[in-house]
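# Compute the structure for the input listed below.
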Amino acid sequence: MRSVTVIPASVNKFSAQPLSATEKRKVAAYARVSTDEEEQQSSYAAQCDYYERYIKSRADWAFVKVYADEGISGCNTRKREAFKAMVQDALDGKIQLILTKSVSRFARNTVDSLTTIRKLKEHGVEVWFEKENLKTFDPKVEMLLTILASLSQEESRSISENVNWGIRKKMTDGKFSLGYSHFLGYDKGADGSLVINEEEAKVIRRIYALYIKGMSPYGIAKVLTEEGIKTPSGKTRWSDSTVSSILRNEKYCGRALLQKTFTPDFLTKKTVKNTGQVPSYYVEHSHAPIIDPDVYDMVQRMMEGRKRGRDRISSVSIFSSKLRCGDCGSWYGSKTWHSTDKYKRVVWQCNHKFRGTKCSTPHFTEDEIKELFVRAVNLLLTEKEEIISTYEMMRDKLFSTTALVEERRALENELNVTARLVEDCIKENARIAQDQTAYEERYQSLVERYESAKKRYDEIVEQISDRTIRGEQVSIFLEKLREQDLIDTFDDDLWLSMVDFITVHDKSKVTVTFKDGSEIKLDR
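Purely as a prediction, here's the structure:
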C-alpha cells in the first residue's frame, strides 16, 4: 500500500532563512513627500520619526535606516536618489523588509512599482504597505498591487492635467512666473510682477548696444568676462550662447511669449519645445521694458541676417562682414596661411574667390585693413562739421517712424477684427444650416482681407525695423564723429561704430562706406 510522509518546510521560501532562526530581521523604511511646501515638510519629518521609532520598538527587527526623498515626484524612479539607494542596499543583502506608508508613496507608476517589487522579491526582500496592509510575500497580493498602482498612476495623470489647466488659465490672463534668481535685469516685486533692477539693467542695455555696434555674441561675452561682470547664474565666465539668449529674450522689451515648452508625458515629466502642439500666448506690454521694443525688433532683424547662407552676415571677428568683393559682391573671410610653420599669418580674401568664375580682387592682411581705416577716417574728419549739420537737419525726416507706428497700430486692429469675423463665420456655419456656396464666398473674402492686411503689416514692421536700425547706427556714428580728432592708430571701438563696409576693387582701389552713407575712395 502506498504511503506519503509530509516533510514540513524548514526554510523561508523567499529568504532561504531557517524558519526556526531567531536572527533579527533587517528592516528599513521609505518616506517621500512630493512638494517643498511647509505643510508637507512637517509630514516628511513626521514619517521619518515615526518609522525609526516603530522599527526600533520591535524586538524581532533590526533597524537599518529610513530612506527619504524630499520634494520629489513619485511618477518615476529616475530622480529619487534615496529610493534607488534603498533598492540597491536591499539587493546587496543589507535589508530584508521595507516599510512604507502606501502604494502611492512607493510609486505612482504601475510599471516602476511592479518591476521594483518583483526584483526585490527575487532577492528575498519584502515590502509592507501600511495603509493598505499589503505584504508582497503574500501570493494573492500582486493583482491588488497592480490595481492600486494603476489607480495611483491615474491620480497622477488627473493631478497633472489639473495643474496644466491652471497654468494655461494663468497664461490666457497674461500672467506668468520666472526664475528670478537667474533672470538678469529684473527682480520680483511685492505683487509678484517684474521690477527692473537698474544696476543689472545697465548690463542688458550694454549687451544690446555692443551688438548693434557690430560686436558678435562671442566678442561681447569676452568683454563681459574680462570686466568681471557676473552672468545670470552668478558665474564669472560668459558664453556666446548666454549673450545670444539675452538678445533673443522678448521679456527685455516688455513682452512675454508663454508656453514655449510643454510636458507631453506626465510620467517622464520631460519638457519639449512647443512648435505648435499646444497653444502659446504672446502678451504685449506685460511689464516695464529695459529695451525699447523697436530696438529689440531691430536686433532680431540683425540676428536673422547673420544666419548661414551664401551672403550671410558674420561677426566672429571685428573684420567679419566688413569687406565686400567688388567683383562678385560676396563678403571677405579670414584664411590662415602657413598654419604649421613660422611664416603663419591671417589674410582676408573673397569667400567665393575660387568658386565658379574666379574673382580678381586681392587679399588683405589685417594690418593693411587697419591702415586703410585710419586713412579713411582722417579724410572723413575734414568734412566733420558739414556731415553733422546735415544729419541734424534731416534726422527726423530720414529716421522718424511715427507715421509707420500709427499705421501698424491701425493694421493690428484690422487683423484682430478680421480674425474675429472669420471665427464667427465658421461658428455660424457650424450652428446654422446655410448655402455653402455663399458661405465659402464670404469665408474666402474674409481670409483675403486678413491676408492683405497681414502682408501690409509685415511690410510696415520691416520698414520700422530698418529705420530704427539705420537711425541707431547713424546716432552712434555721429556721436563718435563729434568727439573724434585725427587718429594715428587703429581703434576697435571706432571701427565698429563708424564703418559700414569696405568695397575692394583691386589692391590700389577701395571704397570705405561709413554708417551714415558717406563714402571715401582710397587709391594706393
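
# Report the rounded mean pLDDT for the strand or helix carrying Asp367.
In the assignment (DSSP states H and E), Asp367 maps to helix 366-380. For helix 366-380, mean pLDDT rounds to 89.

# Past that helix, which element shows up next along the chain?
Downstream of helix 366-380, the next assigned helix or strand under DSSP H and E is helix 384-399.

# now for that next one, which elements pack on it?
Helix 384-399 is packed against helix 436-483, with contacts defined by 3 or more C-beta pairs under 8 Å, 6 or more residues apart in numbering; DSSP states H and E. All C-beta atoms are positioned from the backbone trio N, CA, C, and that covers glycine.

# what angle do the helix it packs on and helix 384-399 make?
When axes from the mean of the first three to the mean of the last three C-alpha atoms, to 10 degrees is applied, the directions of helix 436-483 and helix 384-399 differ by 170 degrees.

# Can you point out the buried residues in the next helix or strand after helix 436-483?
Sequence-wise, the next helix or strand downstream of helix 436-483 (DSSP H and E) is helix 492-498. Under the neighbour-count criterion of 16 or more other C-beta atoms under 10 Å, helix 492-498 has 494-498 buried.

# List the backbone torsions phi and psi for Phe63.
Main-chain torsions, Phe63, degrees, to the nearest 10: phi -70, psi 130.

# how close does it get to Val27?
To Val27, Phe63 is 6 Å away according to C-beta to C-beta, to the nearest Å.

# Could you point out which of the buried residues of helix 492-498 is nearest to Ile476?
Ser497 (5.1 Å; C-beta to C-beta).

# Tell me who's in contact with the closest one.
Going by C-beta atoms under 8 Å, 6 or more residues apart in numbering, Ser497 touches 213-214, 476-477, 479-480, 515.

# Then Gly185?
Neighbours of Gly185 in contact, by C-beta under 8 Å, 6+ apart: 196-197, 200-201, 203-204, 252, 290.

# thinking again about what came up before, contacts for the helix holding Asp367?
319, 323, 346, 348, 364, 387, 481, 484, 486-490, 494-495, 498-499, 502, 510, 512, 514, 518, 520, 522.

# Would you confirm that Ile520 belongs to a strand?
Yes - residue state for Ile520 (DSSP: H, G, I helix; E, B strand; the rest coil) corresponds to a strand.

# How many residues are close by it?
Residues lying near Ile520 (other C-beta atoms under 10 Å) number 19.

# ok, back up a step: what is the most widely separated pair among the contacts of Ser497?
Largest separation among these by C-beta to C-beta: Gly214 and Glu479, giving 14.7 Å.

# Which one's more surrounded, those two?
Neighbours were counted for Gly214 and for Glu479 using other C-beta under 10 Å; Gly214 has more, 23 against 11.

# quick one: the more buried one and Phe319 touch, right?
No - at 10.4 Å, Gly214 does not count as touching Phe319 under the criterion of C-beta atoms under 8 Å.

# Could you count how many residues lie near Val512?
Neighbour count for Val512, taken as other C-beta under 10 Å: 23.

# Give me the distance between the residue nearest to Glu472 when sequence neighbours are not counted and Gly471.
Spatial nearest neighbour of Glu472, excluding adjacent residues (C-beta to C-beta, 6 or more residues apart in numbering): Ile212 at 5.5 Å. With distances taken as C-beta to C-beta, Ile212 is found 11 Å from Gly471.

# per the record, what domains does this structure have?
25-160, 194-291, 362-410+444-523 (automatic domain parsing).

# Can I get the ones you listed in a markdown table including distance to Lys353?
Shown next, in a markdown table, are these (distance: least, C-beta to C-beta, whole Å):
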| stretch | distance to Lys353 |
| --- | --- |
| domain 25-160 | 54 |
| domain 194-291 | 23 |
| domain 362-410+444-523 | 8 |
